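Asker: any chance you can model this:
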Amino acid sequence: MQRLGTLLFVFVLVAAVAAQDYDDSPEAPPPPALDNCDGVFLTYTFISRAKEFPHVKNASAQAYAFKSMATILNAMDTDLKAWNMFIGFQHHEILVSANGAVITDGSDLPAFVGNGTSFSGFPQTDLLNSIDTAGDMNQIQVQIDLTGTQFGLKPPAVPMPKTIKLLNDGFKCPTPTKKGSNMHVCCVKDPKLKKKKTKDITDKFLPRQYGDLNMVYDVLQAYDNNYLAQVTIDNDNPIGRLDSWNLTWEWMRNEFIFSMKGAYTHKKDPADCIYGAAGQYYQNFDFSQVMNCEKRPVIADLPPEMKDDDRVGKLPFCCKNGTLLPPSINETLSHAIFQLQVYKMPPDLNRTALYPPQKWKINGVLNPDYTCGAPRRVSPSVFPDPSGLMANSYAIASWQVVCNITRPKAKASRCCVSFSSFYNDSVIPCNTCACGCPDDLDCNPNSSPLLLPSEALLVPFDNRTAKAKAWAKLKHMSLPKTLPCPDNCGVSINWHVASDYSKGWTARITLFNWEDYTFKDWFVAVEMDKAFNGFQKVYSFNGTKLPQLKDTLFLEGLPGLNYLLPLSDGKDPKSDPKVPGKQQSVISFTKKHTPEINILHGDGFPTRLYFNGEECSLPVEIPSGHDHRSSPVVLLPLVLVSVLVFVFIA
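Answerer: This next block holds a predicted model:
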């Protein structure tokens, strides 16, 4: 009987071991390469996958649910702060969950990561060193459990990523070693990289970085169950801009916003608190006065008339209706500040348990797209003492979020450019679907746009079809069976090379506003690779060179004439098409400093053009007198309707 009990125990033990081997998240032994790593050791292990519905015959279209695990281990004798790991997914992966980390750019789950993505630590943002922790794996290593969907790789092939690497500054990563369902790499500090000098006396905090848009989350006062935070937004890009900005982030530990100054949230609904974890803990709390209980609040700036309000205003740089201009236009309007009282939840009920929100995103109206990184713990911010004495006060804790402008993807711009010239009487309009394609495709989204007569730029796209067909017939150009789609852009800009003579040349720029929105304090930045040094003067706008950017001219409206008016009705709304808001100016260039420039060859056209910081889509062709699509060289200037500018004085 005793022997039978022993055999039963052994059987149960073997079954338990077998079940553990079948577990979806096994702990594989560390590779031998870890023993020789004196840097940061990264691994990726593919665990399992299963066919998802619907089941299809096309192997490349079949979806599989997969599970994998990534680890990052600090094998150095110093701490690794704000770790950032890149995984080069390549099988059209859609990430559903990532326990132990967040996607660095703040993407919401599920997220398409088929081109690779980077992960940042949360809640464990830093990896301590083994010496100071006696080799405690919980403090020197992070494990990321990944779940998602991938396509197109039929078993028994293993869907591994292209690469894994550490993105922290100052590290070099060789090509990872792959073996079956595992890959690993040891990233070490670059010995050639010189350490930047910082004002911090110690290395306790990360140095501050600077991007196009810099946000700082400062904790000014801390209590057991709540704290006062201040958010500062600085626009540091010479042509970056935000209008009517909306800022979002995600609370990761069930926090909620009790009150705000200098900003407000779009939604004020206490239901998420009352019926959620906050209502269970703060049972006698009056949630009717709470500003916001959402996990992902949407925060906006206050209007100027609330600037001096005793309850929500009286903060420096607040209450500008969400306008953030470049410092080159207005230094005062390049900053924004607001404060919020944040309530915490267990187990964070002490003064030092402070966690910033994650997944920061900010956007505006017809502005550049900003991609924001994860919050980085930096040295506490310094403020002048409110007493007026020659003293400084410090924040209790500070985190920095750096956002950078990303170039728009194809067919995803918000503005576009058309090209025309004195030596060609056809206009090359904006690219087909430059700002996106219509939902109901009764047009061709992939064909080239039709050449137009210059007066066609003055009418909406819906009214251009007859003009385009008539122009093609007049110039003996063939028409496709299905006409190309419109550009769908709210703002379009025409760049016209107006003249060319021995000592110089001129261009004319015209802005068209097809939106029901007035652009105040608009600006245009034009990159001219070959003509920049010959710039002389802009006649109807303010124009200057931007020393911060390569070969870039900066144009803006004159004082009192800095409004780009919205789309309006024609003289007879029943028969006349709508009229866009317009602004126009001539720009002169000299050939003294650019003797090699060839205007007839196309050197007079911009290589990049930005409207309010947003990069506009440029045509893929340049007007030429020798192009088979072009019509004979005829001087036909662009005739525009007079621009009536209304100046509103507050």
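Asker: which pLDDT does the model give the closest residue to P297 other than its chain neighbours?
Answerer: Leaving aside its sequence neighbours, P297 sits nearest to T265 (CB to CB, 6 or more residues apart in numbering; 4.8 Å). C-beta coordinates here come from the backbone N, C-alpha and C atoms, glycine included. We have a pLDDT of 97 for T265.
Asker: now swap in D462 and tell me
Answerer: Here, the pLDDT recorded for D462 equals 84.
Asker: so where do the strands sit in the stretch 501-650 of the chain?
Answerer: 504-513, 519-520, 523-527, 535-538, 541-545, 552-557, 563-564, 581-590, 608-611, 614-615 (DSSP state E, counting those that start in this stretch).
Asker: can you give me the helices in this protein?
Answerer: Per DSSP state H, the chain carries helices over the ranges 2-22, 130-133, 137-140, 271-274, 277-281, 465-474.
Asker: give the buried residues for the second one.
Answerer: Of the residues in helix 130-133, those with enough neighbours to count as buried (16 or more other CB atoms under 10 Å) are S130.
Asker: hang on, the earlier thing: adding mean pLDDT, mean neighbour count and distance to G240, write the strands of the stretch 501-650 of the chain out as a markdown table.
Answerer: Output for those, formatted as a markdown table (pLDDT from 0 to 100; neighbours: other CB atoms under 10 Å; distance: least, CB to CB, whole Å):
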| stretch | mean pLDDT | mean neighbour count | distance to G240 |
| --- | --- | --- | --- |
| strand 504-513 | 97 | 22 | 19 |
| strand 519-520 | 92 | 18 | 16 |
| strand 523-527 | 96 | 23 | 10 |
| strand 535-538 | 96 | 16 | 22 |
| strand 541-545 | 94 | 17 | 17 |
| strand 552-557 | 95 | 21 | 13 |
| strand 563-564 | 94 | 22 | 19 |
| strand 581-590 | 96 | 20 | 21 |
| strand 608-611 | 96 | 24 | 9 |
| strand 614-615 | 94 | 21 | 10 |
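Asker: make a markdown table from these and add distance to P238 to it.
Answerer: Formatted as a markdown table, the strands of the stretch 501-650 of the chain follow (distance: least, CB to CB, whole Å):
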| stretch | distance to P238 |
| --- | --- |
| strand 504-513 | 19 |
| strand 519-520 | 19 |
| strand 523-527 | 8 |
| strand 535-538 | 17 |
| strand 541-545 | 11 |
| strand 552-557 | 8 |
| strand 563-564 | 20 |
| strand 581-590 | 19 |
| strand 608-611 | 10 |
| strand 614-615 | 14 |
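Asker: out of the ones you listed, nearest to V365?
Answerer: Ranking those by proximity to V365 (CB to CB) places strand 519-520 first, at 8.8 Å.
Asker: state the number of residues packed around the residue nearest to P297.
Answerer: 19 (other CB atoms under 10 Å).
Asker: quick check: it vs S244, distance?
Answerer: 15 Å (CB to CB, to the nearest Å).
Asker: quick one: the residue nearest to P297 and E294 touch, right?
Answerer: Yes: using CB atoms under 8 Å, T265 is in contact with E294, at 7.5 Å.
Asker: follow-up on the earlier one: least reliable of the helices of the chain going by mean pLDDT?
Answerer: Out of these, helix 2-22 stands lowest, with a mean of 39 (criterion: mean pLDDT).
Asker: how about the contacts made by the nearest residue to W471 once chain neighbours are set aside?
Answerer: Closest residue to W471 apart from its sequence neighbours, by CB to CB, 6+ apart: P453 at 5.0 Å. The contact partners of P453, taken as CB atoms under 8 Å, 6 or more residues apart in numbering, are D425, S426, V427, K467, W471, L636.
Asker: so how far is N494 from P453?
Answerer: Noted for P453: a distance of 13 Å to N494, by CB to CB.
Asker: what's the overlap in contacts for those two?
Answerer: Contacts common to P453 and N494, judged by CB under 8 Å, 6+ apart, are V427.
Asker: what number of residues lie near G240?
Answerer: Applying other CB under 10 Å, we find 26 residues neighbouring G240.
Asker: next one: A410
Answerer: A410 has 9 nearby residues by other CB under 10 Å.
Asker: ok, and for stretch 442-461, which residues are buried?
Answerer: Here stretch 442-461 shows 443-444, 448-454, 456-459, 461 as buried, counting by 16+ other CB under 10 Å.
Asker: same check, this time on stretch 102-110
Answerer: V102, I103, T104, D105, G106, S107.
Asker: of those residues, which is the nearest to F46?
Answerer: Of all the buried residues of stretch 102-110, F46 sits closest to I103, with 19.5 Å by CB to CB.
Asker: wait, that closest one touches F119, no?
Answerer: Yes: using CB under 8 Å as the test, I103 is close enough to F119 to be in contact (6.4 Å).
Asker: hmm, A229 is touching L220, no?
Answerer: Yes: shown here, A229 and L220 form a contact pair, counting by CB under 8 Å, at 6.8 Å.
Asker: quickly list what's touching both of those two.
Answerer: With CB under 8 Å, 6+ apart as the test, A229 and L220 both reach Q339.
Asker: neighbour count for those two, which is higher?
Answerer: A229 (24 against 17).
Asker: report the contact partners of the more buried one.
Answerer: So A229 contacts Y217, D218, V219, L220, Q339, L340, Q341, V342 (CB under 8 Å, 6+ apart).
Asker: quick one: low-confidence parts of the stretch 401-550 of the chain?
Answerer: Counting by pLDDT under 70, not a single residue of the stretch 401-550 of the chain qualifies.
Asker: for S181, give its distance to P429.
Answerer: According to CB to CB, S181 stands 52 Å off from P429.
Asker: swap that for L458, please
Answerer: To P429, L458 is 12 Å away according to CB to CB.
Asker: then F122?
Answerer: Applying CB to CB, the value for F122 to P429 is 47 Å.
Asker: the more surrounded of these two?
Answerer: P429 (28 against 20).
Asker: wait, what's in contact with that one?
Answerer: S418, P449, L450, L451, L452, A456, L457, D487, P619 are the contacts of P429 under CB under 8 Å, 6+ apart.
Asker: state the distance from it to K537.
Answerer: According to CB to CB, P429 and K537 sit 28 Å apart.
Asker: swap in L549?
Answerer: 20 Å.
Asker: same question, S499
Answerer: Distance from S499 to K537, counting by CB to CB: 14 Å.
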